[in-house]
Structure formats: C-alpha cells, structure tokens
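Q: from the sequence below, what's the structure:
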Amino acid sequence: MWLIARRSFAEGWLRLAATMLAALFSIGLIAGSLQFTLRAQEAVSGSDASEYARADVLVQGGSVDADDPYAVPDGQVALAKVAGRPGVAAAAGDASVPVTASGPDHKTIMPPAGARTLLRPWTPAPVLNPYHLESGRAPAADGEVAVTRHAARAGKLGTGDALTVLTPKQARTMKVVGIVTVQGHSAVASGDLLLAPPATVQQAAGLPAGTWQTAWVKAAPGVAPAKLSRELSREFGSAATVRTAGSVRHAQSADLQGAGASIGGAIGMLSSIAVFVGLFVVSNTFGTLVRQRTRRLALLGAIGATPRQIKRLIRLEALVLGVVASAGGVLLGYAVSGLLTRLFAEDGFDISAADAQYGWIALAVPAAVGILVTQLAAWRAARKAARISPMQALRAASADTAGRRWPRLAGAFAVFAFAWAFFGPVWAIRAEEPPGPDRTAGTSVLILMGSMTTVAALAVLAPFFVGPLGGLVGRIGMAVSGEAGRLARATITRSPRRVSSAASSLMLGVALVGATAMVVMSANGRFDEAGRQVMRADHAIAATGRTSEGPAPLPRDLAAKAAAVPGVSHAAALTSSSVKLVSPVPKHHDDDSTSLYITVAGLDQGALPSVLRLGGHLPPLRDGQIGLTSTVMKANGLHKGQRIIVRGAKGRTPLTVAGAYHDPSHLFADGALVAPSTMDRLDPDATAQAILVSGGSTGALSRAIADVPGTKVMDKGAYVKTASSSMTKGMRVIYGFIGMALLLSLFGMATTVSMSVAERTREFGLLGAVGATVAQIRAIVRWEAATVVLLGGLLGVGSAVGTVALLHIATGSSFLRPDAPWWLFVLIAAGAAAVTLATSALPARRAAAVPVLEAAKAE
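A: I've put the predicted structure just below:
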C-alpha cells in the first residue's frame, strides 16, 4: 500500500496539489482563527498588572460597588487621617478620571481590548510607587504626564510630544515627559494610564485639597495586611470601605479571566465557521479525488486488495496531505490572525497589546485540527473507495454508478434532526428570557449553528436535485446550442454527484454572502429609518475616534460653545452612564449571581422636544425622577410612580419612576432617561456621547469647536450612521471571517470543477475523435457550469432567506427582517454566475484541447 501510495503521489501530484491547497487554505483559516482567539484572550486577560502592586491596604471613601472591581468609590477620604494611624508605614492618595487621549495626529489612542484610559496621580512615595520609568522623567508641573507604554505605542508618542486629553468636562493639551511600565507590562488591568501631578488629578476629579477617592497604604514591618485592614475598617466605620490590595487585585484578575473567556467564546463561535467551511471544502475535494480514481481502485480490488487496504490507502494519502497542509496552514494562520487583528482594531477593540502567540497551543492545536479535518473529510471518501467493485474497472470514470437512494435520504434526515439540537433550545430561551440583547444574541448563535448544519444536509441531498435542474438546463442548452446542449444534458444527468460537489461549495458561498448581506442591510436600514425618526436635531457634534464601547466621548462644555453660535435655538449634551438596579431586586436576578445594569442617558428636558422624538408619553423629568423604556419596565415588573434605588458612581440614589417611553432606534436613550441634575447625582463625571444641536449652520458650528481636536459636526444621517456603528461593533471581524470563508468555498468550487474536467479527459478526447468541435466541447462545460450556478444559487439563497427568517421569528427584532431588496438576489445570482463561469473557462479550454491519443490512455 505504501508503494502504491507513493506512485499515486508521483503520477497524480497535480490533482493532489489542488487538494492540498484546498486543505492548506482551510487549515490556514482555522489556525488564524485560533491564534486570533488566543491573542484576544491574552490581550484581555493577560495584562493582570496592577497599580496596587506595592500597596497592602486600600482605604476607599464611602462605599464601593462590590460587583465591579474597577468601581470608583462614592465618597472621599482625607489622606492625613490615614497616614498617622498605627501600623501604617506610608500612604498615598489616588483618584481616577476617565479620559480620552489623542496624539499629535489627533487620532484617538485606543486603550487595550475592553479597557479604558484613566487620568491618575503620580505616586510620590517610592515604597508605594509601582511605575517604572522606561524613558523620560516623572511629571512635576501642571500639564505634564507620564503615559504607559501601550498608550505611547498606540499613539506613536515620545517624550516631549503633545497629548490632547478630553476629560468629562473640558479638553486640554498636556506634554508627555515620561513612559512607564507596571510590573513589566505595557498597561494595567484597568487599561492605559496617564499619570499627572497629584494636584492636577485632584482638580480634574473635583476633589478638595487633601482628600482623595482612595488612599493606598503600606503596612509597617511585621503588620499583616489583613490585620491592618480590619483595624482601619473599625476606625473608619461606614465612612470608608477598607480592603486589602491583594483582594482587589484578585477580583480584577478574575474579571479579566472571565472577560477573556467571553471573548474567546464569541470568537470561537466565528471560528466554527472556519472549521465548518474547511471540513466542507476538503471533503468535497477528497470525494472528487476518489471518484477520479474509480478505475484504478477497482483494478486494485481485482488483483486482490482488500477493502481494508484500500481504506488505509486513502487515509494514508489524507494523512500525508494533512501533515503538509497543516505545516503550511499554521504559518498562513499568522497572516490571517494579523488581518483579523487589524479589522478588530478598526472597530475600537485593540488587542495589539498582546504579541502573536507561539506556544504549543498556537502551533500544535491547529496542526492537530488540520490533520483531524483531513481525516474526517477522507473518511467518507475511504468508505466509498472500499465499496468499489472490480467490475467498475470496465466503466468510464466519469459515470456515476446507480446506488440505493435511501442511505443518502436517511443520512440527510439524520443531519436535519441534528440541526434541531440547535433550533430546539431557541424556543426555551424565548419563553424564559426577557426581550433584550442577551436573548437576541443567544438565539442568534443557536440559529446560525443550526443553519450551518442544515446546509450540510442540503449538500447531502443535492444530487437528487441535479436531474430535474439538469434536464431544464439541458433543454435550454438544446434550444441555444443544439447538439452540445443535448450532450451537456446527458453528462449532467449521468453524473449528479460530480455536479452537486461543485454546486455544494457554491451553495455555501452564496449562503454566507446572502445571509450576511441580508442581516447587515436589514439592520442598517432599520437604524437609519428609526434614527432619523427619533432625531429631531439638525446637527450632532460627535467624536471622530472610537473606543471599545463605541464613538469616543466628548467634554460637556462643547454644548455651551455650540449654544453660542448664531442661529442655534437649542444645544444639549447627551450624556451617558451605567447604574445598577439595587431595589427592587430585578426579575431573573434573584440568585444574586448577576446584577442588572441600566444605561442611563442624561439630557436637558427643556431642549428634549427640539432634539429628540421619543415614543410614549413621558412627562418632563424633574430632579430625582427617571424615565424607563417600556422593555426595562416590563422585564423587571416596574410601574409608574414606583420608588427605586440605583447605584451609580456616587453611590445609592433613590429615584421615582416618572413613566415609560420607547426609543425605537436604540441609539439615544435605550435604557433610561434623566435630567442633567439627576445625572450629576448619579455620575458627575458622565461623559457626553454627542451634542445635539437645533438650528445653526455646519460651518459656524465647525468653527466654534475648531479648538477641540477629534470632533466633527454631522448632519442627521451621518450621526445616525456613526451612532449605529457602536451597536454593530465587531462587524469588520465578521466580514473578515465571512470573506475568507467565501474565498475558501469558491476555491473549493474551482478545484472541484477543474478536477471534474480532468476526470473526463478520456470522454472529451473521444468526443473530439467522433467529430465534436472545440466550440461544442466548451459549450458542454459551460452548460454544466450553468447547472452548478442554478443549483448552488437556489439552495444558497434559500438557506440565506431561511436563516434570516428564523432569526426574525425567534428574536422578534425589527432589525432582522427577511425582506431584502430584489436587486440583492439578482446581484448574488450574477456574482455566482460570473465566478462559476470564470472558474470553468480554463477547464473548458483544457477540455477542448485534449488529444485523442492522450484520451485513449487516460485512466
């Protein structure tokens, strides 16, 4: 068997090379997906460095949200009251202010994946200072900052460069005087740090002199941090929250690990597309490869080879191909991972803080998966090869043998039944979970997995559709091409498996493109329609940069600048913050395992009717009142006039539910709405997502904000598009996955078409010998390609429409509607036809040039 396998490699290296390339690209996509997943996890969870590395105890003013390891305390603590306590060796003040930074090129510096950029004080006490200067010096004067190395690299900053910092209240320019690392890392768990003199940070945080949000404490020699924490807790009582620094570091590390697992799971779901497409394509090419060698395998059986030996032969070939393709695919995976990393960064999720992964998981797992995929793909081909009877050595290789229909039908229905393992739980989720993003995401993942399984079932059934469609195409061919059409009809209907193999790859590509296009067009169309309906303002001032949470925030003082522009009737800052519902206990959260956080929007109630048109009958909100969306009220059993308690950045705040409203666009106030005075009670540092402006001109507004870099005046349509991009973040990565999977499926189709033509070398040569012209032979190949387009296009479009229809039914979302414009289907069909005809052009010319003598000796 080894000698036979070696001879097969030597004689059929060209067709084996095509199969190996299909496997290599498949494994490259799988390896790139895995390496990208590992890098994203490392970026999110790998930077567990902490600014509290040298502290033993943290004394935080007031209380702290126990569910958020990065929460800012809601009170203040006087540093002098901490420094003189027994057992305290040293103490330093700390405060954090969320900011947005941009470099000399005025581009927003994005923090590490899922994190933030914080303005914090440089710690003067060496025993507590965790920052190591890599270059430059410590900040000493107002307007000077030292930055973490990740921020310096992301913003291309060096010492002496100017840095624009947008705080929640104003914008200012600072000078970079130093670049630091923390515990050898380029960033800390909470993100990037801008370290300024203590007085600068106190002013930005609105703290009186001598007070801080937190005091870092170094225990005296011989004093255990836990003991000191208990003593300080008794002395401060309810005025402060005292915790060991180690417990905070542990909570942050656990949160990062959980976030890394979530990111890995989300990307892993996308990676499953790569595995599915790879298995699909390699299985098709292996099947075609075995079908090409029907005569040789039959002759092996005739001279005594057992079915078990023939299976081993196919598996051996698959093993060799898998090893070679895995080696090349792992290397190709780094290029794929780099492309996905850049696409992710464009959506505001920067994972460049983590280096490319070269551990055994990144290298061995893709290789093992590649070998496993090729073995699984060859399994069916090996079984088919073992069943070839010696009598088939006398048949033409291009003719399919008649077989029983029920095994294929049984296999297809078994795959359909397996798809319901994904579709079934969808209805349980709908019954138990309240409407919202979590339910939509969960049901969408299940439906997409079920749809991929359904596509596999349709591929199994595809040969049954070849006869009717081939007959239809043949009749059209006879009307157009005469005898060539009749011959095409005969070859199509005689070998349905060959046609269905190419059509299956096309079906997969059409389904991927069609479903993605329908979802994107539906969501974008609904965002544009609803956003224009809700937004009454003529203009919006927004940031041009992005963060992991969407467009970069703005300083609130821009509203005053816009209001001073002639012709402006109203200018209001749309602020945003997140609060936790404390009382009453939210439904579906009774076990306290998770908490309900609500995004609260703040907007001037006098300007509200002029800038937004919200659904419902919400009265103007007074201080201490909150309006909730009807979805939030219904999901949590709340009602108008009810007293609730929420926890924001300033601690627990009682509020009264003033009524319900609806934001059909989900872009402006998708959770709750309060007046600016209430927002100041919840979060004084709440940043503005946009400045909504009624009246005025674009030119005048642009001149008014010219001194604030990274901002732009937009019209209604442009701002709706910008705001909706934060709701669809990550789409570039999805486009990247879909695009590469599409290229892989099209390559598989081209390989299958090319191999099927080579499979019929004898047939085409003999047709030429009996008088068929070059034009007729080319026409036969083109009419077969037309059948591939028709079959693959119909099944692919049907799969795409069915997937989006199921998404709409299961989620009930108006953003997922299966009502794509008619021209989309025409465009997909035209693209499928162009690709198929282009990939069949070269095989058609090659088929027409087959000499008679070469055909006579062909296998």
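Q: pLDDT weak spots in the stretch 51-200 of the chain?
A: Along the stretch 51-200 of the chain, segments meeting pLDDT under 70 span 114.
Q: where is the longest strand in this structure?
A: strand 568-583 (DSSP state E).
Q: how far does that strand sit from the chain's center?
A: 28 Å (CA atoms, centre = their mean, to the nearest Å).
Q: try stretch 87-94
A: Relative to the mean C-alpha coordinate of its chain, stretch 87-94 is positioned 43 Å out (CA atoms, centre = their mean).
Q: and the helices in the stretch 1-150 of the chain, which stretches?
A: Here the stretch 1-150 of the chain has its helices, by DSSP state H, counting those that start in this stretch, at 2-11, 13-45, 79-83, 149-155.
Q: thinking again about what came up before, state the next helix or strand along the chain beyond the longest strand of the chain.
A: Following strand 568-583 in sequence order, the next helix or strand is strand 597-602 (DSSP states H and E).
Q: residue 58 touches residue 245, doesn't it?
A: Yes. At 5.4 Å, residue 58 counts as touching residue 245 under the criterion of CB atoms under 8 Å. Quick note: C-beta positions are derived from backbone N, CA and C, even for glycine.
Q: overlap in contacts, those two.
A: The contact sets of residue 58 and residue 245 overlap at 52, 216 (CB atoms under 8 Å, 6 or more residues apart in numbering).
Q: which one of those two has more residues nearby?
A: residue 58 (27 against 23; other CB atoms under 10 Å).
Q: what's the first helix or strand after the helix or strand residue 412 falls within?
A: Per DSSP H and E: residue 412 is located in helix 406-432. Sequence order places helix 437-481 as the next helix or strand after helix 406-432, per DSSP H and E.
Q: average pLDDT across that next one?
A: In this model, helix 437-481 carries a mean pLDDT of 83.
Q: for it, packing partners?
A: helix 245-292, helix 406-432, helix 483-494, helix 496-534, helix 774-811 (3 or more CB pairs under 8 Å, 6 or more residues apart in numbering; DSSP states H and E).
Q: any idea of the angle it forms with helix 406-432?
A: 150 degrees (axes from the mean of the first three to the mean of the last three CA atoms, to 10 degrees).
Q: tally of neighbours for residue 244?
A: Residue 244, neighbours per other CB under 10 Å, totals 22.
Q: nearest spatial neighbour of residue 749, chain-adjacent residues omitted?
A: The shortest distance from residue 749 to any non-neighbouring residue, by CB to CB, 6 or more residues apart in numbering, is to residue 505 (3.7 Å).
Q: also residue 73?
A: Nearest non-adjacent residue to residue 73 (CB to CB, 6+ apart): residue 60, at 3.8 Å.
Q: ok, the one you found touching residue 243?
A: Yes. Between residue 60 and residue 243 there is a contact under CB under 8 Å: 7.2 Å.
Q: neighbour-wise, which of these two wins?
A: residue 60 (24 against 20).
Q: quick one on the thing from earlier: what is the mean pLDDT for the helix holding residue 412?
A: 83.
Q: with stretch 334-348 instead?
A: For stretch 334-348, the mean confidence score works out to 77.
Q: for that stretch, buried residues please.
A: Across stretch 334-348, burial judged by 16 or more other CB atoms under 10 Å covers 334, 336-337, 339-341, 343-345, 347-348.
Q: cool, and stretch 422-439?
A: Neighbour count says stretch 422-439 has 422-423, 426, 429-430, 439 buried, by 16+ other CB under 10 Å.
Q: go through those and name the one nearest residue 230.
A: residue 439 (43.8 Å; CB to CB).
Q: list the contacts of the closest one.
A: 429-430, 433, 811 are the contacts of residue 439 under CB under 8 Å, 6+ apart.
Q: give me the pLDDT for the closest residue to residue 796 other than its chain neighbours.
A: Ranked by CB to CB, 6+ apart and with sequence neighbours excluded, the top spatial neighbour of residue 796 is residue 510, at 2.6 Å. Looking at residue 510, its pLDDT stands at 86.
Q: relative to residue 382, how far out is residue 510?
A: Distance of residue 510 to residue 382, computed by CB to CB, to the nearest Å: 29 Å.
Q: and these two? which has more neighbours close in?
A: residue 510 (29 against 23).
Q: which residues touch that one?
A: Residues near residue 510 by CB under 8 Å, 6+ apart: 792-793, 795-797, 799-800, 828, 832.
Q: could you dump the residues you listed to TSV with distance to residue 532?
A: What follows is these, written out as TSV (distance: CB to CB, whole Å):
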residue	distance to residue 532
792	38
793	35
795	37
796	33
797	30
799	33
800	28
828	28
832	34
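Q: adding distance to residue 745 and neighbour count, write those residues out as TSV.
A: Shown next, in TSV, are the contacts of residue 510 (distance: CB to CB, whole Å; neighbours: other CB atoms under 10 Å):
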residue	distance to residue 745	neighbour count
792	10	28
793	13	24
795	13	24
796	10	28
797	15	23
799	13	22
800	14	28
828	14	22
832	11	25
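Q: closest one to residue 648 out of the residues you listed, please.
A: residue 800 (43.9 Å).
Q: quick check, pLDDT for that closest one.
A: 90.
Q: try residue 806
A: 90.
Q: number of residues surrounding the nearest residue to it once chain neighbours are set aside?
A: Among residues not flanking residue 806 along the chain, residue 447 sits closest, at 5.0 Å (CB to CB, 6+ apart). Using other CB under 10 Å, residue 447 has 24 neighbouring residues.
Q: how about the helices and strands packed on helix 437-481, which one is nearest residue 562?
A: Closest to residue 562 of the helices and strands packed on helix 437-481, according to CB to CB: helix 496-534, at 19.8 Å.
Q: now do the closest one and helix 437-481, the angle between them.
A: Using the same axes, to 10 degrees: helix 496-534 against helix 437-481 is 130 degrees.
Q: tabulate the buried residues of stretch 422-439 in a markdown table, adding columns for distance to residue 70.
A: Listed next are the buried residues of stretch 422-439 as a markdown table, based on distance: CB to CB, whole Å:
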| residue | distance to residue 70 |
| --- | --- |
| 422 | 36 |
| 423 | 39 |
| 426 | 35 |
| 429 | 30 |
| 430 | 34 |
| 439 | 27 |
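Q: quick one, helices of the stretch 251-400 of the chain?
A: Counting by DSSP H, counting those that start in this stretch, the helices of the stretch 251-400 of the chain are 294-302, 307-346, 360-386.
Q: among these, which is nearest residue 196?
A: Comparing those by CB to CB, helix 307-346 comes nearest, at 26.8 Å.
Q: find me the pLDDT at residue 5, would you?
A: 62.
Q: ok, residue 797 next?
A: Predicted confidence (pLDDT) for residue 797: 90.
Q: related to what we said a few turns ago, which residues does the residue nearest to residue 73 bridge with?
A: Residues in a beta bridge with residue 60, per DSSP bridges, are residue 214, residue 241.
Q: quick one on the thing from earlier: the residue nearest to residue 749 - how many residues pack around it?
A: 29.
Q: show me the contacts for it.
A: For residue 505, the contacting residues are 280-281, 284, 745-746, 748-749, 752, 792, by CB under 8 Å, 6+ apart.
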